[in-house]
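Visitor: Have a look at this fold, sequence not included:
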């Protein structure tokens, strides 16, 4: 049974696979550049480790979940995601709690998951690490049965992703295109969200353009946000932006980019191992690790401390992600 099928199962009872073969799922839609060229480089790197690797290409039209389930049925002990944070999160949602290990070959725009775990950004080095390193347990976030590794959010950021998808189609994938989509969305956003939040024993009601639930201490430190220590201690960090005009919202985005966000001026911070958010709408678009999902409220966020085993350097050799 997969983690998503039963997110409350006792993960300590899971028996890890002893199979040492690695199936690499290449998302041909992730990152910039030629997907065929990346596949050739992967195959060349695999040749250094005979009998260990198999490459399976997955187009954006195919289901990563189905591809991952097929790889597990074929007996692979490690399922590796070759792509960006969204691809990695999708594969993690299938692998968590299954007794298989998650491998990562970072090919995305930001690669926060890989960077936080200390996984090399170089393709060849990442493949060599997959072949040699051991897996270690890492915590994951879960909301209504969906796994996320970095963050989840409501409000303006899901709209940013919708704009970004169109920008990528027109101009290609790049950090400049990603930042441009932020600018366009923030200047046109008109739909703050009314919500009730239960976190850390508190219940509050807010009208906010953005609710951001942080799961990655590495990502929070990257933007110099308060709350990274809470995440490292096993709690979510929930950031609520005050109700703002479009220009005030854009100003806060610029402060975030320049690492100038200030607690209780630009956002409120709440923490907890479990957080429940109920919105005034029955369904709401939620962003998780760079992908959008339409889900029913309430949103129940839970932490799972040892649900996922990732092939990565030992914690002392990596910057803190957990």
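Guide: That came through fine. Since the structure is predicted, the reported quantities are computational estimates derived from the model, not experimental observations. Residues are numbered from 1 along each chain as shown.
Visitor: Compute the distance between the nearest residue to residue 313 once chain neighbours are set aside and residue 163, please.
Guide: Distances taken as Cβ to Cβ, 6 or more residues apart in numbering place residue 118 nearest to residue 313, at 4.4 Å, with adjacent residues excluded. All C-beta spots, glycine's among them, are computed from the backbone N, C-alpha and C. Noted for residue 118: a distance of 32 Å to residue 163, by Cβ to Cβ, to the nearest Å.
Visitor: and if you look at residue 22?
Guide: Noted for residue 22: a distance of 36 Å to residue 163, by Cβ to Cβ.
Visitor: ok, now residue 36?
Guide: With distances taken as Cβ to Cβ, residue 36 is found 28 Å from residue 163.
Visitor: What of residue 40?
Guide: Counting by Cβ to Cβ, the gap from residue 40 to residue 163 is 33 Å.
Visitor: Which one's more surrounded, the two?
Guide: Using other Cβ atoms under 10 Å as the criterion, residue 40 and residue 163 rank with residue 163 on top: 19 against 12.
Visitor: check contacts around the residue lying closest to that one once chain neighbours are set aside.
Guide: Spatial nearest neighbour of residue 163, excluding adjacent residues (Cβ to Cβ, 6+ apart): residue 181 at 4.3 Å. Residues near residue 181 by Cβ atoms under 8 Å, 6 or more residues apart in numbering: 160, 161, 163, 164, 166, 167.
Visitor: For those, which two are the farthest from each other?
Guide: Greatest spacing in the contacts of residue 181, by Cβ to Cβ: 160 and 166 (11.2 Å).
Visitor: Settle it for me: which of the two has more neighbours?
Guide: Applying other Cβ under 10 Å to residue 160 and residue 166 shows that residue 160 carries more neighbours, namely 25 against 12.
Visitor: Which elements pack onto the longest strand belonging to the chain?
Guide: If you go by DSSP state E, the chain has its longest strand at strand 299-311. Packing partners of strand 299-311 (3 or more Cβ pairs under 8 Å, 6 or more residues apart in numbering; DSSP states H and E): strand 101-106, strand 135-143, strand 151-155, strand 274-279.
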